[in-house]
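S.K.: I need the structure of the sequence given here:
(chains A, B and C)
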Amino acid sequence: MKQRIILCTLLLVFYVLCPFSGWSQNGALVFQTDFGLKDGAVSAMKGVAFGVSPQLKQFDLTHEIPAFDIWQAAYRLQQTVAYWPAGTVFVSVVDPGVGSVRKSVVAKIHTGQYIVTPDNGTLTLLAETIGIDSLRQIDEKVNRLKGSDESYTFHGRDVYAYTGARLAAGVIRYEEVGPALPVDIVKIPYQPARFDKGIFSGTIPVLDVQYGNVWTNIPLSLLKENGIRYGDQLKVSVFNNKKLLYSGVMPFATTFSAVAPGQPVAYANSLLQFAFGINQGSFAKKHAVSSGGNWIVTIQKTAPKNK
Amino acid sequence: MKQRIILCTLLLVFYVLCPFSGWSQNGALVFQTDFGLKDGAVSAMKGVAFGVSPQLKQFDLTHEIPAFDIWQAAYRLQQTVAYWPAGTVFVSVVDPGVGSVRKSVVAKIHTGQYIVTPDNGTLTLLAETIGIDSLRQIDEKVNRLKGSDESYTFHGRDVYAYTGARLAAGVIRYEEVGPALPVDIVKIPYQPARFDKGIFSGTIPVLDVQYGNVWTNIPLSLLKENGIRYGDQLKVSVFNNKKLLYSGVMPFATTFSAVAPGQPVAYANSLLQFAFGINQGSFAKKHAVSSGGNWIVTIQKTAPKNK
Amino acid sequence: MKQRIILCTLLLVFYVLCPFSGWSQNGALVFQTDFGLKDGAVSAMKGVAFGVSPQLKQFDLTHEIPAFDIWQAAYRLQQTVAYWPAGTVFVSVVDPGVGSVRKSVVAKIHTGQYIVTPDNGTLTLLAETIGIDSLRQIDEKVNRLKGSDESYTFHGRDVYAYTGARLAAGVIRYEEVGPALPVDIVKIPYQPARFDKGIFSGTIPVLDVQYGNVWTNIPLSLLKENGIRYGDQLKVSVFNNKKLLYSGVMPFATTFSAVAPGQPVAYANSLLQFAFGINQGSFAKKHAVSSGGNWIVTIQKTAPKNK
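M.R.: As a prediction, the model looks like this:
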């Protein structure tokens, strides 16, 4: 009789804790792609993952990455990953080289999340900010959907979703993904932010598309260390291919409502990087600003006019 | 031994019922924003909520509210909330005044759902239809994501998603949101529907965007009380800023297929309010109709031509 | 005491296995509509399903089917259903005839998934590829949301989501959907692929919209049986209403990177049907190709130039 009680209790514990006991995964699987949501591709991936384990909690980062835009895939991961707990598994499929020699990998980053992705530059920003702890190459002999050998162009479903689901569900441990690789990922070159002779400069990695705000890669910390304070008036200039497109003075504020509607304002965005926009308007639209490595922003503190 | 059995049974009950025993929440968390789905903002909110409790069931109302359109946020809540069970927690973030003095609140409505939102007009329609039971201001000293103090512009993630998740998961009770407020919310003024001298009039609060049908705020009940029946021929007129844009006669029917493809038809929409469209076509596109308080619709019953 | 142990164990088993013990459903509910995601319609459906059972796992196929496009609804089901396990319940609502005489049905297909849909052609392709096992008409006297009798135009919420949720959650068995029907569904006529005198021909059922690749209904198996091999050079021609729009030679390859960026390439898509595109470009945009029954593609193997 005693054994039965023990068995019963064990079963209980088993069902509650077991799926992840001893693993570092937490059952969350988050997808990012450039597939869009107009067809069945994303749903096929989720069906494969559900087939691996109905217990998985499946989420989306975004499926609206512009087609083949690896840089933006890298940026959106950097923007989001830190807000998910350690053990979350991300599957990111922006893969212009599908079927070519690029490696299929799983990276474990320092804060404990996993990224399943082609090694094509998608890991660039996470590697430099959070840092990559270790890297494994997916062994497609074991980690590939059964019966998918004739399909060469949908690794997102057949390799990445399948492997990500198995990892997230605890069907495999991280070590069972495949052989360890040196942490030497493919990186997209880009210009980091600088401070030189009183002028801050950086690029526009992405726009805050929905509202038309302009985001830069200049960290709030760099501004603070060099004397910029909320309430300062800043001269902000925007260059495209070295041609000046906009120059104006705006306050550095904590809220958009620090200025009247229609007026420009600078602030720290949700990544704690320098950004600017128009209160209840679209700066990007008004001044035809876009994003990329050939877009440069400079910032300079203006002298107070009088006292 | 008896204690063990009791313990085992209690544990079982605990894991099955406990997350919500004694609470009125049900574990469902539904998001609405004007963020769009092109970047990582929505996913960061869901990551924060998952971090609060992996057991939450996270859903979306829509993230395609036009930027800053508080009225539409109010309307979409009214359209949807009643179809979710009591205890569901909604997080609605359309917040042009983020960081300004508008209050952050949680409203409990008469049917038992909770709405976490800036108090900026988003609650206007729910207050008038279902009714608000009570209101609490979010105490950001306890109900704010740890470590988010330097970010002033993403309260959706740091305050609303975090508080909504804690409430939905039963980490806090409703009373622990923060101090009670008088139920005196910010309201967006609008023109209610009327019946006067044989003519019904109302506004076009939103379009049925996907199909181009025109929705009004004239309730089916008002029509019925004043003698309108399915099968009646109705004269429908549309005014923009008092200028007549369309006038035509159409049947009041229960199905679009009551008329031939391409013909106009009036019906009661899924909110049981008067609406009209074109069978398998777009009325809004054909007649350039939009929505808002300056769009007026009038309805009049036509005399039967003969017998 | 013994009884208590048994009771405890039974309860445990009950909570873990019961929702689907004896049923063939698996708790997954997947929605497809032409509603778009801009309003609250999809969320109202999910709220109704959550009200039926909070334990359901709710997913989306797509909500971006073009309005009233039954053909595309049929195609997206065919593209996706097989990647979800047996027992998954799909709710597909593309329903231009809502409220008319078309039947509301649930089909069980040979691989064990269920499709809840108006019988208006949505089942055309599944019937021909996977095959329909049996068909039942929804009995709206029992399988309709309580209190929804006055709403005639949102069967997606009141009938299809409600019935799909009850079936997926095991509240009803398949037999309780309503009376059995002969498996004689409404079909959309279309032209199957052919091979005749060395020329393969087929239609363009849909585009691979996100990337601009052109998909055909010509199966890889038909090509293989008639001597086409990877590495062959193929002459591909595209006709719209019998008028030649494009003709060119391209390699039949397993990866896009078999050709230089900007060059055309033929491949087998994720449905193992013949497709072609431009490496890192949009074939459909460049050559103004669209989809439908009046778009014809022919394929011919070219002779090797020398040897």
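
S.K.: for chain B, what is the nearest residue in the stretch 101-250 of chain A?
M.R.: residue A:210 (4.2 Å; C-beta to the nearest C-beta). From N, CA and C alone the C-beta is placed, and that goes for glycine too.

S.K.: that residue touches residue B:35, doesn't it?
M.R.: Yes. Residue A:210 is within contact range of residue B:35, at 5.7 Å (criterion: C-beta atoms under 8 Å).

S.K.: which neighbours do those two share?
M.R.: Residues touching both residue A:210 and residue B:35 (C-beta atoms under 8 Å, 6 or more residues apart in numbering or on different chains): residue B:41.

S.K.: looking at the two, which has the bigger crowd around it?
M.R.: Comparing residue A:210 with residue B:35 by other C-beta atoms under 10 Å in any protein chain shown, the one with more neighbours is residue B:35, at 27 against 19.

S.K.: which residues of the stretch 101-250 of chain A fall in helices?
M.R.: A:124-129, A:155, A:162-168, A:220-225 (DSSP state H, counting those that start in this stretch).

S.K.: in the stretch 1-150 of chain A, what spans have low per-residue confidence?
M.R.: Applying pLDDT under 70 to the stretch 1-150 of chain A flags the ranges A:1-23, A:98-100, A:150.

S.K.: mind listing the strands in it by residue range?
M.R.: Assigned by DSSP state E, counting those that start in this stretch, the strands in the stretch 1-150 of chain A fall at A:28-33, A:57-62, A:89-93, A:104-109, A:114-118, A:132-137.

S.K.: I'd assumed residue A:243 was in contact with residue A:296.
M.R.: No. Assessed by C-beta under 8 Å, residue A:296 is found out of contact with residue A:243, at 10.0 Å.

S.K.: give me the more crowded residue out of the two.
M.R.: Under the neighbour definition other C-beta under 10 Å, residue A:296 and residue A:243 were set side by side, and residue A:296 has more, 19 against 8.

S.K.: show me what from the stretch 151-300 of chain A comes close to chain B.
M.R.: Counting by C-beta under 8 Å from any C-beta of the partner chain, the residues of the stretch 151-300 of chain A close to chain B are A:206, A:208-211, A:220, A:254-257, A:267-270, A:272, A:280.

S.K.: out of those residues, which is nearest to chain C?
M.R.: Of those, the one sitting nearest to chain C (C-beta to the nearest C-beta) turns out to be residue A:210, at 13.7 Å.

S.K.: nearest residue to the closest one in space, please, no chain neighbours.
M.R.: The spatial neighbour of residue A:210 that comes closest, neighbours along the chain excluded (C-beta to C-beta, 6 or more residues apart in numbering or on different chains), is residue B:36 at 4.2 Å.

S.K.: got a list of what that neighbour touches?
M.R.: By C-beta under 8 Å, 6+ apart, the neighbours of residue B:36 are A:209, A:210, B:63, B:64.

S.K.: quick one: contacts for the second one?
M.R.: When contacts are counted by C-beta under 8 Å, 6+ apart, residue A:210 touches B:34, B:35, B:36, B:38, B:39, B:41, B:67.

S.K.: over to the last one?
M.R.: Going by C-beta under 8 Å, 6+ apart, residue B:64 touches B:34, B:36, B:37, C:37, C:38.

S.K.: out of the strands of the stretch 1-150 of chain A, which is closest to residue B:231?
M.R.: strand A:57-62 (45.8 Å; C-beta to C-beta).

S.K.: is chain B within reach of the closest one?
M.R.: Yes. Contact of strand A:57-62 with chain B (C-beta under 8 Å from any C-beta) involves A:57, A:59, A:60, A:61, A:62.

S.K.: quick one: list the elements packing against that strand.
M.R.: Applying 3 or more C-beta pairs under 8 Å, 6 or more residues apart in numbering or on different chains; DSSP states H and E, one finds that strand A:57-62 contacts strand A:28-33, helix A:41-52, helix A:70-80, helix B:41-52.

S.K.: how long is stretch A:56-76 from one end to the other?
M.R.: 22 Å (C-alpha to C-alpha, to the nearest Å).

S.K.: so what's the gap between it and the chain middle?
M.R.: Distance of stretch A:56-76 from the chain centroid (C-alpha atoms, centre = their mean, to the nearest Å) equals 7 Å.

S.K.: and that stretch, what's buried?
M.R.: The neighbour-count check on stretch A:56-76 (16 or more other C-beta atoms under 10 Å in any protein chain shown) flags A:56-65, A:68, A:70-76 as buried.

S.K.: so what's residue A:208 up against?
M.R.: A:214, A:215, A:269, A:275, A:277, B:39.

S.K.: how near is it to residue A:34?
M.R.: 19 Å (C-beta to C-beta, to the nearest Å).

S.K.: for chain B, what's the nearest residue on the stretch 151-300 of chain A?
M.R.: For the stretch 151-300 of chain A, C-beta to the nearest C-beta, closest residue to chain B: residue A:255, 2.8 Å.

S.K.: and that residue, how many neighbours?
M.R.: 17.

S.K.: just the contacts of residue B:64: which are in helices?
M.R.: Using DSSP state H, the subset of the contacts of residue B:64 located in helices is empty.

S.K.: which one of these is nearest to chain A?
M.R.: Looking across the contacts of residue B:64 and measuring by C-beta to the nearest C-beta, the closest to chain A is residue B:36, at 4.2 Å.

S.K.: against chain C, how distant is that closest one?
M.R.: 10 Å (C-beta to the nearest C-beta, to the nearest Å).
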